[in-house]
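Colleague: model the following, please.
(2 chains)
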Amino acid sequence: MRLWTTYQPKTDILLDAELTSEELLRSAAAINGNLSRENLPEESIGDDEVVEAAFHDYGVTEVTTDGDDIPTLAVNEPVGPTYSTFAGGWREADATHTFTAREGMCLCTFHAFWWKDKYYDNDSYVSYIAFRLLLDGCVVARSGRLHGPNGNVFVEAPVPIDGGSHELKVQYRMSSSDGTETTTHRKGGWFSGQLVHINRRR
Amino acid sequence: MNHSVIPIQPLKGVDVRYPQDPQAAADIINMCVEADGSLSTRIGYERFFGANTTYAPWNAKDRVTSVFVWERKGGRQSYVLHTIEDTLYYTKGNPADVVELVSGLTEPSRQDPGMTYIPFGDVLVILNGYDEPLIFDGVNVRRMGWRQSPGAPDVWDVDDSAPPWADSAAAGTTRVAVLPPYPDIGVGSGTADDLNRFKYKVSFISDTGAESPLSAQSNDVAWQTVAAGYRYYLLLDGVATGPEGTAARVVYRTQNIEANLSEGEYYRVATIPNNTDTSYWDITNDIELASVAPSDADSILLPVQHPFTGAVFQGSLWLVDKANPYRLWYTVAGTVEQFAASNYVDANAVGGAVQALVPYRQILYAIRDNAIDVVVPDGVGGFTLKPVSHGIGKVAPKTCTAVPGVGVFVLSATGVYILQMNPEGSELVTVQRASDAIRKTIRRMDPGKLRTAHAAYSPKWQEWHCYFDADVGERVGVVFSTVNGGWSIREDFPVGPLCCTLDGDLVFGHYTGAFDGLVLQPRAASGLFVITRRRCAGHVAVGLDQWYLEDADPPESTYTSAWHDVGDPITVKQLRYVYLLCKSSGSQLLTIRTGIDGSYVLSDGVDHSTQPPEHGLQPVWDTATFGTDTWDEPFPGEVRFDVKATGRRVRFSFTTQADIEFMGYALGFTGGVTKVFKGQS
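Modeller: Below is the predicted model of the structure:
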């Protein structure tokens, strides 16, 4: 939208309040107004001004499980009264990834190598491990149930994000006991984990 | 001394006909009519990119030969397309620059009206009568219409031998069979020993939704069903890719020719949703074919190679070719570039060639050399031309403008005409010449350059502007105000092609550009400008090597009243006072001069300012004291000018560059005893 002169105050012309206000408003609108997705790329920063693959910031935090702490269960015997102390519940890794973002998009990523001590599956028992990624307490990505003895897990999610401080966490859980494990038996774990964020303009 | 006062209000426009309307004027030059009917001098013109210190990006450019403001998406995307020499550009907001869209166009001569731009849906059609028509979608520009049919596709033969197959299929054959128990998938009959034969055609689909003519038919593909339930995938190869602007291809196929014992219809099989694939696997059973292919007459190659005028009417794009200005072609409704074989209307020779197509409400006017026709439905799915009026002579095609509440304005060699629908709104039209009041100005028009006249209506100014060549090389404008239904004149506005934005601003291209007749002058005005309330008539270049622009002086405005005889033309009377009813506008000096009995000679002037006479001076810019003086507003009042003009008919006039807004005047007369002398021998 182009805006041109509606009133020009010149020497010896009346200090007309209404006409002067109208001209000032139109000048302000020309600077501030009518920006939208349709015309902003032509009126403001375009792709030519942004370095290819540029992003605001990124960060990495190493995370891993407290491997010896994962309990196992005797048959039908819960370890304790809380959800997190039985093997089927979501457990949270201690290390979290805190970062400061600028408004735009944030690519949140977690990857690690996982293993299960007792992995064999049969018709009556299928073991799994599952992961999920939380941004500021909200689940943004899930891995689903991962079967087999070991493998790599990679979960990521691009999330629109506002400016300010944010926190990435990873949670994991494993399938319940098959009835043959003892309470001291380690079920499995994961290591070489990384929480990564990439904060982009778009 | 007692005197009689004759009030004149409200003010009307220019009217030079005798006897003169007392409320009209002999001259109104470079003034506009405000919403309350007052005349003001708050007009001027400024460069398009006001933030630039020079005429950039048009420094040292030749004249602008066409302008069009194309605004999409409610005005959020704005393209000001314009042509200079052989190149078509559009403006860009940030940075303030132009983008070259097309070069190598035919440059219009000094008698040509220039490009025609026709918005159709989301695209813009561009034509000039010399080059091929173009389509601009906001990003890319390409040639319009279909200039070729697709080539016929090749269909691979089917290897109908029975499985198991020990070797590969022969070259050029396919062996992809759909085996039982899938009865409805695959091409051909599932009955053992049945004969099968099929043919294919393809068409192009453009990014505007227009379909090309169908290709020639492909080769036959034929086989005999080897066993019960055997059907096949058929491979189309060599599917033609379309020219620029093709978005998809459509595949058509016959039903089983052997089963029908005739070729029969072609049916739509599928759309290939791109312009890159050259092969297609067909697995469509005959029972799924339902949509009959278009006929050869439903789409033809582009019938207008060099259209010079056009319009959108009844959902179709209407075009007239320079090679045959007696035939009006129109597209298939809803498409911008698909023409059916019978989609045309022929004009009889009596009315002359079509000069311009002008849509207005539910009518399409065809302005011809000797007639004005309207396009009406013929009752059998097509259209016909119906003559409604005699011709108005040669017209300026770029002046055909719809003015809300009035009609279609057209400038011809004999004046400005208004085409109006009758009150019931049917297609009947009245043709009325509306420029008799300004016939002195119309007579100044250069008839050889009539076709270079341009016009536009601005809802913001509520004015219809028309600029034409006059006085051998000058550009003069006539302006019709829909506020008071009157005319005024514009001089020294170098308006070439003209267009109005969605906001009502009038954008124009400089009529001469920087070309002085010999060379392009680096500091001369050129490019795009806007008629605004900026109190300057363009700009002046200041400095030498590092030059920049400053505002020029305001345009010179003139008001000359009608000749007043106070109802008694034979009695000599004395004009003593001119009371100008004007809004206070600061310390603006005005000089009133008078004339008597038809003489062009005016008396010496009387100066007064437009400050209110009985009150203290209102504060003005440059002398007001910050923190002390207050914002103010104008109020109307009479400013008295003491004059002395003795004659049977008297008038007053002022020429000014000051900021004036006046709503009427009153004349104070004395005398009235002396009668006119007897005539001279």
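
Colleague: before we move on, what's the pLDDT of the closest residue to B:S316 other than its chain neighbours?
Modeller: Excluding the flanking residues, the one nearest B:S316 by C-beta to C-beta, 6 or more residues apart in numbering or on different chains is B:Y330, at 4.2 Å. (Each C-beta comes from the backbone N, C-alpha and C, glycine too.) B:Y330 carries a pLDDT value of 97.

Colleague: okay, and the beta partners of B:Y330?
Modeller: Beta-bridge partners recorded for B:Y330 (DSSP bridges): B:W318.

Colleague: contact partners for it?
Modeller: Contact analysis of B:Y330 by C-beta atoms under 8 Å, 6 or more residues apart in numbering or on different chains lists B:F313, B:Q314, B:S316, B:L317, B:W318, B:L319, B:F339, B:N343, B:Y344, B:V345, B:F383.

Colleague: can I get these in JSON lines with neighbour count and pLDDT?
Modeller: Shown next, in JSON lines, are these (neighbours: other C-beta atoms under 10 Å in any protein chain shown; pLDDT from 0 to 100):
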{"residue": "B:F313", "neighbour count": "20", "pLDDT": "94"}
{"residue": "B:Q314", "neighbour count": "13", "pLDDT": "92"}
{"residue": "B:S316", "neighbour count": "22", "pLDDT": "95"}
{"residue": "B:L317", "neighbour count": "27", "pLDDT": "97"}
{"residue": "B:W318", "neighbour count": "26", "pLDDT": "97"}
{"residue": "B:L319", "neighbour count": "29", "pLDDT": "97"}
{"residue": "B:F339", "neighbour count": "26", "pLDDT": "96"}
{"residue": "B:N343", "neighbour count": "21", "pLDDT": "95"}
{"residue": "B:Y344", "neighbour count": "18", "pLDDT": "96"}
{"residue": "B:V345", "neighbour count": "19", "pLDDT": "95"}
{"residue": "B:F383", "neighbour count": "21", "pLDDT": "92"}
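
Colleague: from these, which single one is nearest chain A?
Modeller: Checking the contacts of B:Y330 against chain A by C-beta to the nearest C-beta gives B:L317 as the nearest, at 25.1 Å.

Colleague: quick one: the closest one and B:L127 touch, right?
Modeller: No. Counting by C-beta atoms under 8 Å, B:L317 stays clear of B:L127, with 10.3 Å between them.

Colleague: quickly list what's touching both of those two.
Modeller: Counting by C-beta under 8 Å, 6+ apart, the residues touching both B:L317 and B:L127 are B:I118, B:G310.

Colleague: surely B:K449 is in a helix?
Modeller: Yes. Assessed by DSSP: H, G, I helix; E, B strand; the rest coil, B:K449 belongs to a helix.

Colleague: without its sequence neighbours, what residue ends up closest to it?
Modeller: B:K449's closest residue in space is B:D469 (C-beta to C-beta, 6+ apart), at 3.8 Å.

Colleague: what of B:G496?
Modeller: B:Y511 (3.8 Å).

Colleague: return the residues in contact with the one you found.
Modeller: Contacts of B:Y511 (C-beta under 8 Å, 6+ apart): B:R63, B:V64, B:Y467, B:R475, B:P494, B:V495, B:G496.

Colleague: before we move on, what about B:L506?
Modeller: B:A456, B:S458, B:W461, B:H465, B:L498, B:C499, B:C500, B:V530, B:I531.

Colleague: for B:V376, same thing?
Modeller: Contacts of B:V376 by C-beta under 8 Å, 6+ apart are B:F383, B:T384, B:L385, B:K386, B:E427.

Colleague: looking at those residues, which are in strands?
Modeller: B:F383, B:T384, B:L385, B:K386 (DSSP state E).

Colleague: helices along chain A, start to end?
Modeller: Along chain A, the segments classed as helices by DSSP state H run A:17-32, A:40-43.

Colleague: same question for chain B.
Modeller: B:257-260, B:439-442.

Colleague: tell me which other helices or strands the last one touches.
Modeller: In other words, helix B:439-442. strand B:415-421, strand B:474-481 (3 or more C-beta pairs under 8 Å, 6 or more residues apart in numbering or on different chains; DSSP states H and E).

Colleague: give me the mean pLDDT for that helix.
Modeller: If you average the per-residue pLDDT over helix B:439-442, you get 96.

Colleague: again with stretch B:239-254
Modeller: Mean predicted confidence for stretch B:239-254 is 95.

Colleague: CA-only coordinates of it in PDB, if you can.
Modeller: Once non-C-alpha atoms are left out, stretch B:239-254 reads as follows in PDB (Å, rounded to 0.1, in the frame of the first residue of the first chain):
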ATOM      1  CA  VAL B 239       3.200 -38.400 -23.300                       C
ATOM      2  CA  ALA B 240       3.900 -34.900 -24.500                       C
ATOM      3  CA  THR B 241       5.000 -32.200 -22.000                       C
ATOM      4  CA  GLY B 242       3.300 -28.800 -22.500                       C
ATOM      5  CA  PRO B 243       4.700 -25.300 -23.000                       C
ATOM      6  CA  GLU B 244       5.400 -22.900 -20.200                       C
ATOM      7  CA  GLY B 245       2.400 -22.600 -18.000                       C
ATOM      8  CA  THR B 246       1.300 -26.200 -18.400                       C
ATOM      9  CA  ALA B 247       0.400 -27.600 -15.000                       C
ATOM     10  CA  ALA B 248      -1.000 -31.100 -15.800                       C
ATOM     11  CA  ARG B 249      -1.900 -33.500 -18.600                       C
ATOM     12  CA  VAL B 250      -5.200 -35.400 -19.000                       C
ATOM     13  CA  VAL B 251      -5.300 -38.900 -20.400                       C
ATOM     14  CA  TYR B 252      -8.400 -40.000 -22.500                       C
ATOM     15  CA  ARG B 253      -9.100 -43.500 -23.800                       C
ATOM     16  CA  THR B 254     -11.700 -45.300 -25.800                       C
END
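
Colleague: for it, the distance to its chain's centre please.
Modeller: Stretch B:239-254 sits 34 Å away from the centroid of its parent chain (C-alpha atoms, centre = their mean, to the nearest Å).

Colleague: kindly report the same for stretch B:364-374.
Modeller: With C-alpha atoms, centre = their mean, you get 18 Å for stretch B:364-374.

Colleague: stretch B:188-197 now?
Modeller: 61 Å.

Colleague: hmm, who's touching it?
Modeller: B:180, B:183, B:187, B:198, B:220-232, B:256-259.

Colleague: can you redo the helices and strands packed on helix B:439-442 as TSV with mean pLDDT, mean neighbour count and distance to chain A?
Modeller: Shown next, in TSV, are those (pLDDT from 0 to 100; neighbours: other C-beta atoms under 10 Å in any protein chain shown; distance: least, C-beta to the nearest C-beta, whole Å):
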stretch	mean pLDDT	mean neighbour count	distance to chain A
strand B:415-421	91	21	27
strand B:474-481	96	23	18
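
Colleague: between those, which gets nearest to B:D622?
Modeller: Ranking the helices and strands packed on helix B:439-442 by proximity to B:D622 (C-beta to C-beta) places strand B:474-481 first, at 31.3 Å.

Colleague: so how far is that closest one off the chain centroid?
Modeller: So, by C-alpha atoms, centre = their mean, the centroid of strand B:474-481 is 18 Å from its chain's centroid.

Colleague: packing partners of it?
Modeller: strand B:32-33, helix B:439-442, strand B:463-470, strand B:487-491, strand B:495-500.

Colleague: and the strands in chain A?
Modeller: A:57-63, A:91-92, A:97-101, A:104-116, A:129-135, A:138-146, A:150-161, A:164-174, A:188-200.

Colleague: who are the contact partners of B:E263?
Modeller: Contacts of B:E263 by C-beta under 8 Å, 6+ apart are B:K199, B:T254, B:I257.

Colleague: touching, the first one and B:E258? I think so.
Modeller: Right, the one you point to is B:K199. No. Checked against C-beta under 8 Å, the pair B:K199 and B:E258 is beyond contact range at 11.7 Å.
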